[in-house]
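Undergrad: No letters, just coordinates:
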Ligand SMILES: Nc1nc2c(ncn2[C@@H]2O[C@H](COP(=O)(O)OP(=O)(O)OP(=O)(O)O)[C@@H](O)[C@H]2O)c(=O)[nH]1
């Protein structure tokens, strides 16, 4: 373009001679003068313009040079232009600074003249040659800074181009990348340290989770395993290396996989998972109960990861199931045993109960409920007032319960009169410590009702001692009491007398009115005899219609008086028997015990007196001897 504009300018300048020619022609200058003048003018104009153009071009080149110099001076790294002989054509300030010279001093100098290392010089020449042959060189060089003596890293860039004169020149730039490299190395070191730390952290994390005995894993946000512990490997039957990066293990059912992925997505959305799973183990087929937990956290690289754990609770659940079954069996057995026990104790006719340590009834039989006149369910139920007001009897019973629980055994007889009915009850209360189904110490009690036996015993005793018809002591009982009375009389030197009575002609009563009438006569006679006796006197039935009376602290005379009174009580008024009025008399023999005399002899003497009374006509009292104050009606033989 510059050339074209120059040509245009020359053309303009050429127009000037043409104009002169035109003027010469117009003013009719002689051609001999006009033509050379015109030619001269044209040459001078052309020379003038050429000089002007050269000057302009030189100024422009200079400006360009200066501009390029300023341009490369701005570059903080050494930049240069060398000719094919390695002489500097242009250097920037940075290069000059590095070489410790002014840029102008360097122009024309061989670039290798500043190098001392022959190897480096050879290398530089090789590069220059390569650049000149068209290669673009980009090389990194690590050497020692010849000025500072410090190691340095440089990026050597060389290329070639044609200068304004069309000659090839080498354009180079040496970038000092020592700081970059140092920074890079530092960064690298940091990265390596961080990587080592990461590896160390991972290894530690691995060791840590390997200690945990149940499967643990870490998955990335795409549900790929990132970290698994040994328990997890064992559970899956695969080494960790084969698990890392996978989503599922083995042939996973699509539904199952979809479920896992849905769960993972929820967990990633911030909904932690905790569920119990009961299924067949995917690999072994064995029944497994597991608590599955999943949550999220951020790993050491800042990524959100899923942390999952499977806690195997199979043994626990199976043990619970076995326990439950055992419990159900036990409960069934216990219920059957309890029912059997209930039936068993219900058979027992005596009240039976089991009480706990608070004296609360745990089991009672029908007889107990009946005896207490309460409903059994009420006794065993929560409303039974076992904590109510304490009566002395109840306090005593609770004390006994505690003693029994302490290991003692209670066996006692109780005699109670039931309220309301006044019924007399004899019981043998037996309490013993035992252990209930559930292991509690309990009191087992049985109230053996012996009322029947006690009453029967009493009746038997009475029968053994009493005469069944008259209620008087029978002969054996009288004998026993008489012996005791003799002992007392003997010991205390007391008087003791005896009356032996026999009804007169009693046989006739039987014969005339019957045996029953005879019995009634005997009963009425005894009633009258009893009325005539003192409390201390002891009457007995000695035989069929024979009666005997022991009179303690009684002298013979007094005894005769008593006998006489008895005789009168029976014989002086008629007996009302079955609508008839019967006259009955009695004969009596009286004796006072002699000192040292035994019962047999004592009775024998009274009997002798009776015998005499009978023989002497009956209806009389006879004593062996007549004391001074003896009743006149009593006969003494
Ligand atoms: N009804 C009745 N009679 C009895 C009982 N015990 C004895 N006897 C009768 O009493 C009668 C006694 O008769 P005896 O021994 O001959 O005496 P007695 O007729 O009273 O004549 P004496 O004693 O000689 O006055 C007998 O007929 C017996 O059968 C009894 O418990 N009830």
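TA: Structure's in. What do you need? Since the structure is predicted, the reported quantities are computational estimates derived from the model, not experimental observations.
Undergrad: Could you pick out the residues of the stretch 351-500 of the chain near the ligand for me?
TA: residue 469 (Cβ under 6 Å from any ligand atom). Any C-beta I mention is one placed from the backbone N, CA and C, and that applies to glycine too.
Undergrad: Just the helices from the stretch 351-500 of the chain, written as ranges.
TA: 366-372, 376-380, 392-405, 451-465, 475-492 (DSSP state H, counting those that start in this stretch).
Undergrad: and if you look at the stretch 151-300 of the chain?
TA: 178-211, 230-236, 240-243, 254-268.
Undergrad: Next, the buried residues of the first one.
TA: Within helix 178-211, the residues that qualify as buried by neighbour count (16 or more other Cβ atoms under 10 Å) are 181, 209, 210.
Undergrad: chain center to it: distance?
TA: Here the centre of helix 178-211 is set off from its chain's centre by 45 Å, with Cα atoms, centre = their mean, to the nearest Å.
Undergrad: sorry, back to before: to residue 501, which of the helices of the stretch 151-300 of the chain lies closest?
TA: Taking Cβ to Cβ, helix 230-236 is the member of the helices of the stretch 151-300 of the chain nearest to residue 501, at 112.6 Å.
Undergrad: Quick one: mean pLDDT over that closest one.
TA: Helix 230-236 carries an average pLDDT of 91.
Undergrad: which other helices and strands contact it?
TA: Judged by 3 or more Cβ pairs under 8 Å, 6 or more residues apart in numbering; DSSP states H and E, helix 230-236 is in contact with strand 216-219, helix 240-243.
Undergrad: Give the buried residues for it.
TA: So, applying 16+ other Cβ under 10 Å, buried residues of helix 230-236: 230, 231, 232, 233, 235, 236.
Undergrad: you'd agree residue 526 is in a strand?
TA: No. Counting by DSSP: H, G, I helix; E, B strand; the rest coil, residue 526 falls outside a strand, being helix.
Undergrad: what about it, distance to the ligand?
TA: 11 Å (Cβ to the nearest ligand atom, to the nearest Å).
Undergrad: now, which of the buried residues of helix 178-211 sits nearest residue 359?
TA: residue 209 (58.5 Å).
Undergrad: so is the closest residue to the ligand within the stretch 201-350 of the chain in a helix, a strand, or just coil?
TA: Closest to the ligand within the stretch 201-350 of the chain is residue 349: 39.5 Å, counting by Cβ to the nearest ligand atom. Here residue 349 is coil, with the state taken from three-state DSSP.
Undergrad: How about it: what's its closest non-neighbour residue?
TA: Leaving aside its chain neighbours, residue 349 sits nearest to residue 367 (5.6 Å; criterion: Cβ to Cβ, 6 or more residues apart in numbering).
Undergrad: tell me the contacts of that neighbour?
TA: 346, 348, 349, 350, 351, 352 (Cβ atoms under 8 Å, 6 or more residues apart in numbering).
Undergrad: ok, so what distance separates the closest residue to the second one other than its chain neighbours from the ligand?
TA: Computed as Cβ to Cβ, 6+ apart, the closest residue to residue 348 that is not its neighbour in sequence is residue 365, at 5.9 Å. Distance of residue 365 to the ligand, given as Cβ to the nearest ligand atom: 48 Å.
Undergrad: Now do the contacts for residue 365.
TA: 342, 345, 346, 348, 351, 352, 353.
Undergrad: Tabulate the buried residues of helix 230-236 (JSON lines), appending distance to the ligand.
TA: What follows is the buried residues of helix 230-236, written out as JSON lines (distance: Cβ to the nearest ligand atom, whole Å):
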{"residue": "230", "distance to the ligand": "110"}
{"residue": "231", "distance to the ligand": "106"}
{"residue": "232", "distance to the ligand": "109"}
{"residue": "233", "distance to the ligand": "112"}
{"residue": "235", "distance to the ligand": "106"}
{"residue": "236", "distance to the ligand": "110"}
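Undergrad: Looking at the residues you listed, which one is closest to residue 401?
TA: For the buried residues of helix 230-236, the nearest to residue 401 is residue 231 (56.2 Å; Cβ to Cβ).
Undergrad: Make sure that closest one is actually in contact with residue 215.
TA: Yes. Here residue 231 reaches residue 215: they are 4.7 Å apart, a contact under Cβ atoms under 8 Å.
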